[in-house]
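In: got a predicted structure here, sequence first:
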4 protein chains.
Amino acid sequence: MIYSFANDYAEGCHPSILKALTDNNFIQQAGYGDDEYTKNAESIIKQLTAADVDVHMIAGGTLANLTVLASILKPFESVVAAATGHIYVNETGAIEATGHKVEAAPSENGKLRPEDIIPFLNKARGHHVVRTRAVYISDSTELGTVYTKQELSGLSEFCKANNLILFMDGARLPMALTAPSNDLTLIDIAALTDIFYIGGTKCGALLGEAVVIVNSELKKDFKYHLKQRGALTAKGRSMGVQFDQLLRNDMIFDLARHANLMAGKLSNAIKSLGYPMLIDSDTNQIFPVFPNRVIRKLQQKYGFLVWKIIDSDYSSVRLITSWATPENMVDKFIEDLSQI
Amino acid sequence: MIYSFANDYAEGCHPSILKALTDNNFIQQAGYGDDEYTKNAESIIKQLTAADVDVHMIAGGTLANLTVLASILKPFESVVAAATGHIYVNETGAIEATGHKVEAAPSENGKLRPEDIIPFLNKARGHHVVRTRAVYISDSTELGTVYTKQELSGLSEFCKANNLILFMDGARLPMALTAPSNDLTLIDIAALTDIFYIGGTKCGALLGEAVVIVNSELKKDFKYHLKQRGALTAKGRSMGVQFDQLLRNDMIFDLARHANLMAGKLSNAIKSLGYPMLIDSDTNQIFPVFPNRVIRKLQQKYGFLVWKIIDSDYSSVRLITSWATPENMVDKFIEDLSQI
Amino acid sequence: MIYSFANDYAEGCHPSILKALTDNNFIQQAGYGDDEYTKNAESIIKQLTAADVDVHMIAGGTLANLTVLASILKPFESVVAAATGHIYVNETGAIEATGHKVEAAPSENGKLRPEDIIPFLNKARGHHVVRTRAVYISDSTELGTVYTKQELSGLSEFCKANNLILFMDGARLPMALTAPSNDLTLIDIAALTDIFYIGGTKCGALLGEAVVIVNSELKKDFKYHLKQRGALTAKGRSMGVQFDQLLRNDMIFDLARHANLMAGKLSNAIKSLGYPMLIDSDTNQIFPVFPNRVIRKLQQKYGFLVWKIIDSDYSSVRLITSWATPENMVDKFIEDLSQI
Amino acid sequence: MIYSFANDYAEGCHPSILKALTDNNFIQQAGYGDDEYTKNAESIIKQLTAADVDVHMIAGGTLANLTVLASILKPFESVVAAATGHIYVNETGAIEATGHKVEAAPSENGKLRPEDIIPFLNKARGHHVVRTRAVYISDSTELGTVYTKQELSGLSEFCKANNLILFMDGARLPMALTAPSNDLTLIDIAALTDIFYIGGTKCGALLGEAVVIVNSELKKDFKYHLKQRGALTAKGRSMGVQFDQLLRNDMIFDLARHANLMAGKLSNAIKSLGYPMLIDSDTNQIFPVFPNRVIRKLQQKYGFLVWKIIDSDYSSVRLITSWATPENMVDKFIEDLSQI
């Protein structure tokens, strides 16, 4: 039997969520996000961010990204993302389908810096080119890296100075905030971005992303956008209950920390066996470089993505751990690898 | 405390779903609808429809409607719906946001007949007008009515003869198929439509609609559309498990039958108390006409929508029951009404 | 040989335009509407409207309609039009293709009144329905009728009171403003609408509509929308020269008056021969009702549209005159008709 | 007075066009491209291409590009272009506004080669990424370069082998086909592409691009797309007459040849004065590199675009000539430059 390190959504959800869903199953609730669980989750997020935010639950990351960006941008405005950004490479043109150009900045580590964005502002052809209006970042990034407080502050200042809206895709935000190298808090995230989301799908929920709107100009009419994009869930309670649970006692962060720890253990062992890493990451995605014959051996027992062909002999792979990864599978992987 | 007859998504889900979610919670599964539960649900639907259909789970009705229609229509093609149709009146322009006109045909009972569609085909101005290419119907309709086999067969023939794609919104299809006046089966639905869905959200699931593609020309590339519209759920298992349960042993139909029975009991009692119905319906939505003072009294104890103002003294209301409606609340409502 | 009364764009343009195009042909000019002829036309329109308007030339009516509406509306906002409105029936879903619903109000004479719009404002379902934000009217209407000052003032007040943007399609505005029953001026139009256009294509130009933006909130960034929709003409001078000519000494109104006079002469003669009119119009579109055999006879010599089948014996036709209609063709038509 | 080498649309049109417009001004014609001049132009293009093509006139390049691409692509399909391509850098997101991603391939000379396109076909993530379906090229390119027959044949074969539609933006196709280094003919263009256009705006017309559809699968329903995008001109004769003239006796190629000759003369003189060229071009756009103080001197008498800052002392500029450029202005520029 194959054990999968292919992604962080291979299992169900944290058992406490199933218990909560069961406990309140027959309590009638208002629809469309007006249930008390969603309100409770919103209330916890207000505390965690120390900000008067609006919170909306959306059933998936691409749906969240397209709904948020379509709500922010005028028809001729664009969003800039790292060339590795999910909205640029991985969403089948979902943003463009709402009418907006995604502009891609080259990035080696998945992160954006002010200097990466400047060329887009300097297109300087007036109405003959799109106007860059939003900046999309992800934390942790698609390469497992995280923003430091200094980096995010710099980006935030730059955006404010240039009238750019800063939107953070937080599908793996809990992993970012519990990474060893992280020095950001949810309070910082809310202070430094205009809108972001806290991922549920990859962080212990059955499904759902909690979109957090900080910038008050973006709050008004957001439910119209939700409804129009098919993102306003009738039985909103089904996500409200989950985030209500995940956010209690910082459970979501404990789950993320476990995912990071398991990846860290894998990473350290792999490195100590002499294999290099394609990218330096301390969250739940790691990118070791193996000889192809090692990869073929591992594939007999483990599922994972071959990320990048390095040369005719070597490739890097992507290993992902999650809240549900049992430590003994990590140990087994390390042992199997050490035997090859 | 107020008991709500406002909609059929006020509670959680059937307990057997929570049990199944719990039982298989830690079994790893492929993402994006390739899990074994979704495959199993698909397999049951193939049996129930006696057709080689493709099945895709989508997290909500509006998202299903917009994804399906955007996948079917060329840019200049339109869909015709009853003027009461959900896509025309209730989705904040979701279909138009994908670029397509929704053409509305007047309808008194929420149903479409060939003669309602003919005028749209006869616009006959060539490329100066949209080309009507799809027909959207719902069963049961937004007014609680259901199609007979004769009606649906007539519509189906008409569509085939005129190169129109017939799409059925089945958010409440289980209620339709278990209505006293119904003579259709899932086999008929699959034989007579090109694409339809079986509602989960309103029929005992936490969320989810199972889109069933019958017409093989519509199958290809559908996942591209799903992904682009944000409708391809990473943790597809979360809906797969639910439909796998709901479809076993016809449970979804048992749940729907209960909803219909509760509405029927309400309806009979209301009529025997001398109140007329705005529309004749035998599914889980009923539309009694009450004096406004009766409505005000009822509102102290029950939640429901005031549907239509009849005159200065009378209005019709919409009462909805569901798989979760306890019979004693129906009895209580009847008693309370009889006391007014 | 057949003479056509089918439309008002069968000929080229007023000869003075060709002369002006020739006279300044080799004078270099800036592109994209920054040429001196366009600026001059804008300057004349500022005088004629007594308002500090922005003017942009667009190569056609549908392109003008879709660019204007896409620039005004947020994604979830809609425009309401008469059910006879060009954007609703005649533009192959051009507005919907920009993502917006067109809501249609029944109208017998092609005009909208506040009471026709009220139901759209009263949908009152919050974010579950589109928000009506713009009102589209045409003057003269698609049925040849014109707004009175009282009607337009009432509509304008209503729009202001309800935060609606009033947009007038003026493809035949010169005909409206010179109709016998008209009491509006360009100063009124600018005072009572937010944005409108003065048609060139149907009023003596080779092509082009002059969009006039009165509401200053709609001026900003309009060129971005123009460019994005393909409506920013590189050689803007080609339309600038034409409007510069047409607007000098009120030539465009003289041309329109001629069109109206020719239609009036036709109309009076037809009525005096005992044929009724489907609609009472005093601009350049008239809708007489003829026996079908009369229509067949006329079709041997004249081109026109059969507008509406009245019954098995009678139909109404649409006859259109223009700035280029020679009076002797009108006389000939009348004589031919009187001989049938 | 400043003489402009800034673009090729600063003047009106070739005088023979104005004469033709005048000669046939009062001849009634059908609208929407069904006039006899458009048909005649189509007929000439059929001869010049030796192919049974469909021809449609569109009022501008961006409008042509967006209409063509929106008609070709399914919602989830993309077009690949050189990173210098007009649709990627210069159209304010016009293509994305129709819902489609434009993928950009790095290119040093403005041209695309099969190897530039391969990476987009190898994204190989199935429905998680857009499917590349169309290839956009321009000839001459935005950098003034032209395709050789061998290059275009290679690209054409590659597209056919990979089920890609090859679309050529021919805003300056006449300049390409008359360039000294060119070995392509219109017959080749039609044989090697699926759809292309012959530019009028930059090649002697007042405005208009003649879209030529070779691939018969793309012909059907094209007028629906034209109408929906606002690109179906009511008075189509206004462009028909122009192309009818331009295409007679190869006039459009004579005009283009003149433009190229003027640019060649400029180019040779500039190079013989010791200034390098940024790009090697033999059409009507040239890109000399000058010291900034030379540029400042020239700007006192001539209009042109500063194209690219090379370093603190040098920049390249873009000089454009046209059918209307008088040789004495070229001589004057050379003399002025030689005196600096």
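Out: Sure thing, it's come through. From a predicted model like this one, the values you see are computed outputs, not experimental measurements.
In: for the stretch 151-300 of chain A, which segments are assigned as strands?
Out: A:165-169, A:195-199, A:209-213, A:285-286, A:289-291 (DSSP state E, counting those that start in this stretch).
In: is the shortest one in proximity to chain B?
Out: To tie it back to what came earlier, the one meant is strand A:285-286. No - Strand A:285-286 lies out of reach of chain B by CB under 8 Å from any CB of the partner chain, never closer than 14.6 Å. For every residue, glycine as well, the C-beta is placed using N, CA and C.
In: quick one: strands adjacent to that strand?
Out: Here strand A:285-286 has these sheet partners by DSSP bridges: strand A:314-320 (antiparallel).
In: give me the residues contacting the strand it pairs with.
Out: Residues outside strand A:314-320 that contact it (CB atoms under 8 Å, 6 or more residues apart in numbering or on different chains) are A:5-8, A:263, A:266, A:278, A:284-292, A:295, A:298, A:304-310.
In: just the buried subset of those residues, please.
Out: With burial judged by 16 or more other CB atoms under 10 Å in any protein chain shown, the buried subset of the contacts of strand A:314-320 is A:5-8, A:263, A:266, A:278, A:284-290, A:295, A:298, A:304, A:307.
In: quick check: phi and psi at the residue nearest to A:L255 when sequence neighbours are not counted.
Out: Nearest residue to A:L255, sequence neighbours excluded (CB to CB, 6 or more residues apart in numbering or on different chains): A:W323, at 3.5 Å. Backbone geometry at A:W323, expressed as degrees, to the nearest 10, gives phi -50, psi -30.
In: can you pull the contacts of A:W323?
Out: Taking CB under 8 Å, 6+ apart, one finds A:8, A:14, A:203-204, A:255-256, A:258-259 in contact with A:W323.
In: do A:T193 as well
Out: Neighbours of A:T193 in contact, by CB under 8 Å, 6+ apart: A:152, A:156, A:166-168, A:214.
In: repeat the analysis, applying 7 Å as the threshold.
Out: A:156, A:166-168, A:214 (CB atoms under 7 Å, 6 or more residues apart in numbering or on different chains).
In: mind checking which of the strands of the stretch 151-300 of chain A is nearest B:G33?
Out: Between B:G33 and the strands of the stretch 151-300 of chain A, the shortest gap by CB to CB is with strand A:209-213, which sits at 18.3 Å.
In: around chain C, pick out the residues from chain A.
Out: A:70, A:75-76, A:99, A:127-128, A:131, A:223-225, A:227-228 (CB under 7 Å from any CB of the partner chain).
In: how about those residues in CSV, adding pLDDT, distance to D:G236 and neighbour count?
Out: Shown next, in CSV, are the residues of chain A next to chain C (pLDDT from 0 to 100; distance: CB to CB, whole Å; neighbours: other CB atoms under 10 Å in any protein chain shown):
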residue, pLDDT, distance to D:G236, neighbour count
A:A70, 98, 35, 22
A:P75, 98, 28, 24
A:F76, 97, 29, 28
A:G99, 98, 28, 26
A:H127, 91, 28, 18
A:H128, 91, 27, 18
A:R131, 96, 34, 19
A:K223, 97, 45, 22
A:Y224, 97, 40, 23
A:H225, 98, 39, 26
A:K227, 97, 41, 25
A:Q228, 98, 36, 30
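In: quick one: the helices in chain A, in order.
Out: Along chain A, counting by DSSP state H, helices occupy A:15-23, A:36-49, A:61-72, A:86-89, A:114-121, A:149-161, A:173-177, A:186-192, A:222-228, A:237-247, A:251-272, A:292-299, A:327-339.
In: and the second one, does that touch chain B?
Out: No - no part of helix A:36-49 sits close enough to chain B to count as contact by CB under 7 Å from any CB; the gap is at least 10.4 Å.
In: quick one: buried residues of that helix?
Out: For helix A:36-49, by 16+ other CB under 10 Å, it's A:36-42, A:44-46, A:48-49.
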